[in-house]
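Enquirer: Provide a 3D model corresponding to the input given below.
(chains A and B)
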Amino acid sequence: MKILIVEDEPKTGDYLKQGLTEAGFVTDLARDGWDGLELAKAEHYDLMILDVMLPGINGWQVLEGVRRAGIAMPVLFLTARDQVEDRVKGLELGADGYLVKPFAFAELLARVRSLVRRGHAGLEPAALKTADLELDLLRRRATRAGRKIELTAKEFALLELFLRRKGEVLPRSLIASQVWDMNFDSDTNVIDVAVRRLRAKIDEGFESKLIHTVRGMGYVLETLPEEAAP
Amino acid sequence: MKTLSLTARISLLFAVAASLVLLTTGYFLTQVVDAHFEEGDRHELNGKLELIQNLFMHASSQKDLDLLPQQLDDALVGHHGLAVVVTDATGEIWFATSGADFPQTLLNECQAQPAGCTTGTLQQWIQSGMNYRGMAMSMTIGNGKPYTVAVALNIQHHIVFMDKFRSVLALAIALAALATAGLGWIATRWGLSPLRQVTHMVAGISAERLADRLSATGLPTELKPLATAFNAMLARLDDSFRRLSEFSSDIAHELRTPISNLMTQAQVALSSARNKDEYKEVLYSSLEEYERMAQMVGDMLYLAQTDNRLLKPGLEKVDLAHEIQDLFDYFDAWAEEHAVSLIQTGSATVSGDRLMLRRALSNLISNAIRHTPPGQTVRVSLGRHGDAVTVSVENPGTEIPAEHLTKLFDRFYRVDPSRQRKGDGAGLGLAIVKSIVDAHGGSITVTSYDQKTRFQITLPALAK
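Expert: Okay, here's the model as predicted:
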């Protein structure tokens, strides 16, 4: 998976590159719009992360150039300006996502993964499975080691999200948005409580724990032999 | 184009109005005097004609007829400026006073149509520089012979008088117009002096002296509303100004604590060698501060956008009962942990922005849950009163002292300043609620008594 990062802010660029590389992506970093456009045309990428304010030509112009060149890779915009018009403009130009600075790195990672995955979408499975946990999506039933687990509708949705994004760290804001359709930061620990309850239902009494807390980032569903995530 | 000053306008208007009134009066006056003269002339001429008719009527024989000119002369003697001409049927002059020189038309007309000439129409003409007014009449004398008698008056003295009258009048009008313009100027200057006074006062008010007010005493009635309106505007400006500067200083204060924490932490961490876990701990702790700051900045931006109408509420039908159910769903686990139950009653639909309303309700509900003692219930009730929809969120718990109630919606306001760092957010939650409600054209109030706190939102209802 190859990602092109176009970001002029030196620190942000470096950390994005480092973070994404460490998350297992191959990354190239362009420091201005012209370089970004050149690279996008010259090589094949699975995703482009594009800052809006760039020296030379801005992110929108880069996107226009990319689309004019007939390149259909997904594009994720990063911006410090959160204006509805900007959002609309970006989406009109064919951007696939929009993230406002400051953002949680886990959020960026989750968005990147889902965009990259979209390019390689497969069939919708009828059941999700990890280790001895099984989720029957048609009958809305969850079982672990053959034992039925009683879940509320939201708990089921939460578990489904974890299973679909197995191995990905899910930030709280993403969970709130995906499961409850709450697209704003809440100053409560609602998500923590909900995850804690889900955890009690699926992990309690089992030797290997599935849902793990990633401190400072969010939660992840993983079949790890050891107790804590990195 | 240069705009005329008020004084010039009003003076000009005065002058024009006065001239118009005087001109009209003058015109009618001239007409009346003229008509009076004409009436007098007609009366005199008629009298003369009657006299002549009388003489003619009594002249039945030729002898009488021969005497007639003498009689006429006698009758008309002493009437200066009066001329008489008598012609017979053939148009030949039978009698004429000296100097009488009638226009032939006057006589001819009467000869041509004797029947139409019996009453005599007054005519006016100019002859050798003199103005005359006269009339002709056909009459028969005793023996039945028709004659045409014409009498005329020299009215030159009337004309001279009228000319003089007109020129005096014109002069008077011109002088009066000038005088009114002058008076108008003085009156305007005097009348507008309070305005200059107000201007002077207004000019003295600067951003630093927004607390100053115009004094309405001593101002004329018309200017009092202006002063009142201006003062109201000043009050609003002053309020906004004060809020703005308070807000900036609040932001600075709010950011100071986390920045100071971060700096101290980093400096202490770097001051001596530590193991990996200790560094990690520092980073985690910093992350929490960063997140808090990011949320605060995000909330502030959101507030600025709603306040400045950059976020316009989209107009869609929002089923509030449904939204509240969704929010209850969201807060369910959390509320259960606090041993707080959630109850919703009633239903209502409004037109607005679903996301914004959801955010506002979310803030109110989470706030209510947080302040409810374990084992008790948060009640959200929806209702419709006339053309307004009310949403009230009520929670049992310690009353909020009255002095805090009005400030509750202010940014960064906290009832208990020490609660700041306990995960209660940045103190912007209720400010955001108010901002969203305002953007929807609604209002929000809060009451707290009997161990109950109740927030009530009023929104315009959907038109049925």
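Enquirer: for the chain, which segments count as strands?
Expert: Looking at chain A here, since you left the chain open. For chain A, the strands defined by DSSP state E cover A:2-6, A:26-30, A:47-51, A:75-79, A:97-100, A:127-130, A:133-136, A:141-144, A:147-149, A:211-214, A:218-221.
Enquirer: not what I meant, chain B
Expert: Under the criterion DSSP E, chain B contains strands at B:82-88, B:93-96, B:123-127, B:130-140, B:146-154, B:316-319, B:341-345, B:349-352, B:377-385, B:388-396, B:443-449, B:452-460.
Enquirer: state the distance from residue B:444 to residue B:434.
Expert: 5 Å (CB to CB, to the nearest Å). All C-beta spots, glycine's among them, are computed from the backbone N, C-alpha and C.
Enquirer: between these two, what contacts are shared?
Expert: residue B:409 (CB atoms under 8 Å, 6 or more residues apart in numbering or on different chains).
Enquirer: can you tell me which of the strands of chain B is packed in deepest?
Expert: Comparing the strands of chain B by mean neighbour count (mean count of other CB atoms under 10 Å in any protein chain shown), strand B:146-154 ranks first with a mean of 23.
Enquirer: JSON lines for the strands of chain A, including mean pLDDT and mean neighbour count?
Expert: Below are the strands of chain A laid out as JSON lines (pLDDT from 0 to 100; neighbours: other CB atoms under 10 Å in any protein chain shown):
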{"stretch": "strand A:2-6", "mean pLDDT": "92", "mean neighbour count": "23"}
{"stretch": "strand A:26-30", "mean pLDDT": "90", "mean neighbour count": "18"}
{"stretch": "strand A:47-51", "mean pLDDT": "91", "mean neighbour count": "27"}
{"stretch": "strand A:75-79", "mean pLDDT": "88", "mean neighbour count": "23"}
{"stretch": "strand A:97-100", "mean pLDDT": "84", "mean neighbour count": "18"}
{"stretch": "strand A:127-130", "mean pLDDT": "84", "mean neighbour count": "14"}
{"stretch": "strand A:133-136", "mean pLDDT": "88", "mean neighbour count": "19"}
{"stretch": "strand A:141-144", "mean pLDDT": "89", "mean neighbour count": "18"}
{"stretch": "strand A:147-149", "mean pLDDT": "89", "mean neighbour count": "12"}
{"stretch": "strand A:211-214", "mean pLDDT": "90", "mean neighbour count": "18"}
{"stretch": "strand A:218-221", "mean pLDDT": "91", "mean neighbour count": "24"}
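Enquirer: show me which residues of chain A sit near chain B.
Expert: Residues of chain A lying close to chain B by CB under 8 Å from any CB of the partner chain are A:82-84, A:100, A:102, A:104, A:154, A:176, A:180-190, A:193-194, A:197, A:215-216.
Enquirer: one more time with 6 Å
Expert: When proximity is defined by CB under 6 Å from any CB of the partner chain, chain A lies next to chain B at A:102, A:180, A:182, A:184-185, A:187-188, A:190, A:193-194, A:197, A:215-216.
Enquirer: and the residue of chain A found nearest chain B, how many neighbours?
Expert: Nearest residue of chain A to chain B: residue A:187, at 3.3 Å (CB to the nearest CB). Applying other CB atoms under 10 Å in any protein chain shown, we find 20 residues neighbouring residue A:187.
Enquirer: torsion angles phi and psi at it?
Expert: phi -90, psi 20 (degrees, to the nearest 10).
Enquirer: identify the residue nearest residue B:294 in space, chain neighbours excluded?
Expert: residue A:102 (4.5 Å; CB to CB, 6 or more residues apart in numbering or on different chains).
Enquirer: angles on the backbone of that neighbour, please.
Expert: Dihedral angles (degrees, to the nearest 10) for residue A:102: phi -80, psi 140.
Enquirer: surely residue B:397 meets residue B:374?
Expert: No: using CB atoms under 6 Å, residue B:397 is not in contact with residue B:374, being 10.6 Å away.
Enquirer: have a look at these two and say which one is more surrounded.
Expert: residue B:397 (18 against 8).
Enquirer: and the pLDDT for the residue of chain B most remote from its centre?
Expert: Residue farthest from the centre of chain B, counting by CA atoms, centre = their mean, is residue B:63 at 89.2 Å. At residue B:63, the predicted lDDT confidence score is 76.
Enquirer: tell me how far it lies from residue B:87.
Expert: From residue B:63 over to residue B:87 (counting by CB to CB), the distance is 21 Å.
Enquirer: same question, residue B:342
Expert: In terms of CB to CB, residue B:342 sits 124 Å off from residue B:87.
Enquirer: domain ranges for the chain?
Expert: I went with chain A, as the question did not name one. Listed by automatic domain parsing, the domain ranges of chain A are A:2-118, A:127-221.
Enquirer: um, chain B though
Expert: B:6-163, B:221-306, B:313-460.
Enquirer: out of these, which comes closest to residue A:70?
Expert: Among the domains of chain B, the nearest to residue A:70 by CB to CB is domain B:313-460 (34.9 Å).
Enquirer: let me see the mean pLDDT of the closest one.
Expert: Domain B:313-460 comes out at a mean pLDDT of 87.
Enquirer: give me the distance from it to the chain's centre.
Expert: 43 Å (CA atoms, centre = their mean, to the nearest Å).
Enquirer: distance check, the most centrally placed residue in chain A against residue B:394.
Expert: Residue closest to the average C-alpha location in chain A (CA atoms, centre = their mean): residue A:110, at 1.1 Å. Using CB to CB, residue A:110 is found at 38 Å from residue B:394.
Enquirer: what of residue B:194?
Expert: 54 Å.
Enquirer: cool, residue A:138 as well?
Expert: 42 Å.
Enquirer: now do residue A:178
Expert: Counting by CB to CB - residue A:178 and residue B:394 are separated by 31 Å.
Enquirer: fine, thanks again, bye for now.
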